[in-house]
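In: Okay, sequence plus prediction incoming.
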Amino acid sequence: MPLKIIHPYHTEIMGRGLVLLSNPHIAWAKRDLYTGQIVEEAALLSKSWAIIAKESKQLQGEAEARLAMSDSDKSVRDFVDEYGVKCLIAISGTAGSGITVKSHADDSESEEVLDIIKSGFEPHFNVNLDADQSRNKLSNSRTNNGRDDGSSSHPVNTVQIELGPEERSFRKDQIVNSLADIVSLINAKLGFSESSSSVLD
């Protein structure tokens, strides 16, 4: 079983591969209900890296919430630098139904990753691909891992997947299974080799 490291504001799952799963700090308990659980289960199933944010209802005030977000962002940058992560998939919730996939697809590799995600969910779910709306929000992570100092080691494909209420509750197990399969396919596409990996099981 992959190693889990508990931090004050988030939990890290030490896995393998080039994909990092995460969820944002939950500001609206209803909207993001189960996103952390989905990230954890999918990471364990696919043996991938994960950063799981704690629910913000456990945080005391706005200052601590900002500290928690900063702490989580730093962990993402550390994972990218230390473990060579090339794809960040952030799982969040939405009030609308179905699945919305948001990304800044600015090259062929980004588009191929989006195609893998879309085709991985489409047999079972209604998927809306929204590459333009999130262009400004996610472009920093694609070009310099969200840093302002330009000290990135390599570009990271950042994709946000928003799940509707039904997808996060009644269909959660199917989401987890599909997400684990998607992670494996992205790893293969990005050139990850199982034989050359060091696995913490």
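Out: Received, thanks.

In: Could you list the single helix or strand in the protein with the lowest mean pLDDT?
Out: Using mean pLDDT, DSSP states H and E, the weakest-scoring helix or strand in the chain turns out to be helix 135-144, at a mean of 41.

In: what's the following helix or strand after that helix?
Out: Under the assignment DSSP states H and E, the closest C-terminal helix or strand after helix 135-144 is strand 157-163.

In: Mind giving me the packing neighbours of that following strand?
Out: Other helices and strands packing on strand 157-163, by 3 or more CB pairs under 8 Å, 6 or more residues apart in numbering; DSSP states H and E, are strand 87-93, strand 99-103, helix 108-121, helix 135-144. Glycine gets a C-beta too; all of them are placed from N, C-alpha and C.

In: got the CA positions of that strand in PDB?
Out: Extracted C-alpha coordinates of strand 157-163, given in PDB (Å, rounded to 0.1, in the frame of the first residue of the first chain):
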ATOM      1  CA  ASN A 157      -0.100  20.000 -18.000                       C
ATOM      2  CA  THR A 158      -2.700  21.200 -15.500                       C
ATOM      3  CA  VAL A 159      -6.300  20.000 -15.900                       C
ATOM      4  CA  GLN A 160      -9.300  20.800 -13.700                       C
ATOM      5  CA  ILE A 161     -12.100  18.200 -13.500                       C
ATOM      6  CA  GLU A 162     -15.400  19.500 -12.100                       C
ATOM      7  CA  LEU A 163     -17.800  16.800 -10.900                       C
END
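
In: who does it pair up with?
Out: When sheet partners are counted by DSSP bridges, strand 157-163 sits next to strand 87-93 (parallel), strand 99-103 (antiparallel).

In: ok, residues contacting the helix or strand that comes right after that strand?
Out: Sequence-wise, the next helix or strand downstream of strand 157-163 (DSSP H and E) is helix 165-168. Contact with helix 165-168 is made by 33, 34, 35, 38, 93, 95, 97, 98, 99, 125, 175, as judged by CB atoms under 8 Å, 6 or more residues apart in numbering.

In: I'd like to know which of those are buried.
Out: The neighbour-count test (16 or more other CB atoms under 10 Å) marks 33, 34, 35, 38, 93, 99, 125, 175 as buried among those.
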